[in-house]
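Engineer: Task: produce atomic coordinates for the following.
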Amino acid sequence: GNPLFIVELVRSALHEQEHGAFPGSSGAEHLPDRVVALFQHRIASVSGGARGVIGSAAAIGREFSLPLMAAVCEASGDDIADAFDELWRRRLIRESRSGDFEFSHDCIREAAYAELTPVRARQTHAKIARALTRLHDADWHAVSGEIASHYERAGLLDEAYIWFARAAQMAFDHFACGEAKAHYLAAIRVLEAHNPNLDRLTDLRLRVTYCIALLEGFSGPEVRAICGVIEADLPLLTDGAVACRALVRLRLMYSQTDVPRAVQLSAQMIELGARIEDPTFGAMAQQSMSFSQHQHGCFAESVRHGQIGWDYYKRHAEPAIRDPLSFEAHCLLSLGVCCFSGALMGHSDKTRQLGDFYCNRAIEHLPVRFQLYIRLLRIQTLLMQHCWQRAERECEWLAWADRTHAFGFAQAMGSFFAGWGLLEQGQPR
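Structural biologist: Numbering: from 1, shown residues only. Predicted coordinates:
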């Protein structure tokens, strides 16, 4: 704003008194041009070494450290310190709150960056990316997004794609879904511009839809738009595993809006799962059909496909799966759907035995977060069978999970099911 311009005018005037007049016209009508010229003049007035440093600093961003600058400029720490001292005395940079350095104003950084030619700018960004990789070898995840951005601005798009994908996965693992979404979308942008491999793009789109779904829901407009692209590309995919995952995601989306379409997609999964080598997807396809038939109201079919999926898993999948724990949870959840479907059909004895099996298996082998949904299905089944005391014990477990692990959802559902059980018993509270 104006205070900055006034300060810059005064600083430039003082510099002119010491080192000679600055050539240029005067007058308020030319203030914007003069301000731009002031920044350029002040940068041009520093020594050659300091001018090279400020250009690299501008490419790094608003904040930069001495070790990073030394690595980028391939200079000694003393040389960089001398340049920082000069730039600090000229009030072009200042110490930041973190103890590193930053530009006194973004306009200074922009003026310094504008002085870089396109070729020099790309070279500088490549040096910055490699320097960050070396300096953060042990904690690269903290700067993976920065590394990716610098590689992209350097025109090294293969490296940019790799680092954007790493940054996205790291953010997702730390539950930063908004940040993960931004990095995945950047990876998609880079891949589309440079090497539009359809299987890779679909894989990234599947990942970003999950991030968006956690933020906005699986039936939100942005998820639906990306899933529309995935569905259009589905016949062109060559990687069976990616195609199967795409069908899983599409089935999940349609299960909330178009259940018959979800059943069709589950049937495609079963057909595809029989063709590809990974047996995990064969079991997953049967589970998906179990869920879809349950939602469609075909409970006998739900039970049949759920049991086929579980048998398939026991026979084939265990040695081949990549993430045994999470897939075990999916299989047990499928059994929960079978049990609930059986209860709706009135098969009390069979569903009670099946419910005991999957619930005990979950308690023995799975951490609390995987047990949560399985136990919820278990409670529904017990309430439908009028097993009040056993359902009450499961509700008490949900309350314990909330106290121990801060699962607010568990507490809410525990209270809901406990209330349902009391009403069914004719004991409203």
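Engineer: Name the residues of stretch 130-146 that come out as buried.
Structural biologist: 130-133, 135-136, 140, 143-146 (16 or more other C-beta atoms under 10 Å). Backbone N, C-alpha and C define where each C-beta goes, glycine included.
Engineer: Same question for stretch 76-85.
Structural biologist: Buried residues in stretch 76-85 (16+ other C-beta under 10 Å): 80, 82-84.
Engineer: got it, and stretch 210-220?
Structural biologist: By 16+ other C-beta under 10 Å, the buried positions in stretch 210-220 come out as 210-213, 218.
Engineer: Which two of these have the greatest separation?
Structural biologist: Comparing every pair within the buried residues of stretch 210-220 by C-beta to C-beta identifies C211 and F218 as the most remote, at 11.7 Å.
Engineer: list the contacts for the residue nearest in space to the middle of the chain?
Structural biologist: Centroid-nearest residue in the chain: A180, 2.4 Å away (criterion: C-alpha atoms, centre = their mean). Listed by C-beta atoms under 8 Å, 6 or more residues apart in numbering, the contact partners of A180 are 168-169, 171-172, 208, 211.
Engineer: What average pLDDT does the helix or strand containing A187 get?
Structural biologist: Using DSSP states H and E, A187 falls within helix 177-194. Mean per-residue pLDDT for helix 177-194: 93.
Engineer: now do stretch 292-303
Structural biologist: Here stretch 292-303 scores 78 as its mean pLDDT.
Engineer: picking that back up, where helices are concerned, which of the buried residues of stretch 130-146 count?
Structural biologist: 130-133, 135, 144-146 (DSSP state H).
Engineer: for those, which one is nearest M253?
Structural biologist: G145 (28.3 Å).
Engineer: Hmm, H183 and the closest one touching each other?
Structural biologist: Yes - here G145 lies in contact with H183, judged by C-beta atoms under 8 Å, at a distance of 6.0 Å.
Engineer: quick one: G99 and S76, what's the gap?
Structural biologist: Per C-beta to C-beta, to the nearest Å, G99 is found 20 Å from S76.
Engineer: cool, G282 as well?
Structural biologist: Here G282 is placed at a distance of 61 Å from S76 (C-beta to C-beta).
Engineer: now do C298
Structural biologist: Applying C-beta to C-beta to C298 and S76 gives a distance of 74 Å.
Engineer: same check, this time on P235
Structural biologist: Counting by C-beta to C-beta, the gap from P235 to S76 is 59 Å.
Engineer: What ranges does the stretch 1-150 of the chain have for its strands?
Structural biologist: Using DSSP state E, counting those that start in this stretch, the strands of the stretch 1-150 of the chain run over residues 63-64, 93-95, 101-103.
Engineer: So which of the contacts of A180 is the closest to L68?
Structural biologist: Taking the contacts of A180 together and measuring to L68 by C-beta to C-beta, the closest member is A171, at 22.0 Å.
Engineer: which phi and psi does that closest one have?
Structural biologist: Main-chain dihedrals, A171, degrees, to the nearest 10: phi -60, psi -40.
Engineer: Report the contact partners of it.
Structural biologist: By C-beta under 8 Å, 6+ apart, A171 lies in contact with 145, 177, 179-180, 183.
Engineer: Tell me which two of these sit farthest apart.
Structural biologist: Every pair of these checked by C-beta to C-beta; the farthest is G145 and C177, at 14.5 Å.
Engineer: quick one on the thing from earlier: for H150, find the nearest of the strands of the stretch 1-150 of the chain.
Structural biologist: strand 63-64 (12.4 Å).
Engineer: Other residues contacting the closest one?
Structural biologist: By C-beta under 8 Å, 6+ apart, strand 63-64 touches 57, 96, 98, 100-102.
Engineer: Who wins on neighbours among these?
Structural biologist: Counting by other C-beta atoms under 10 Å, A57 has the largest number of neighbours within the contacts of strand 63-64, with 32 neighbours.
Engineer: With adjacent residues omitted, what lies nearest to that one?
Structural biologist: F64 (4.8 Å; C-beta to C-beta, 6 or more residues apart in numbering).
Engineer: That neighbour: neighbour count?
Structural biologist: F64: 25 surrounding residues under other C-beta under 10 Å.
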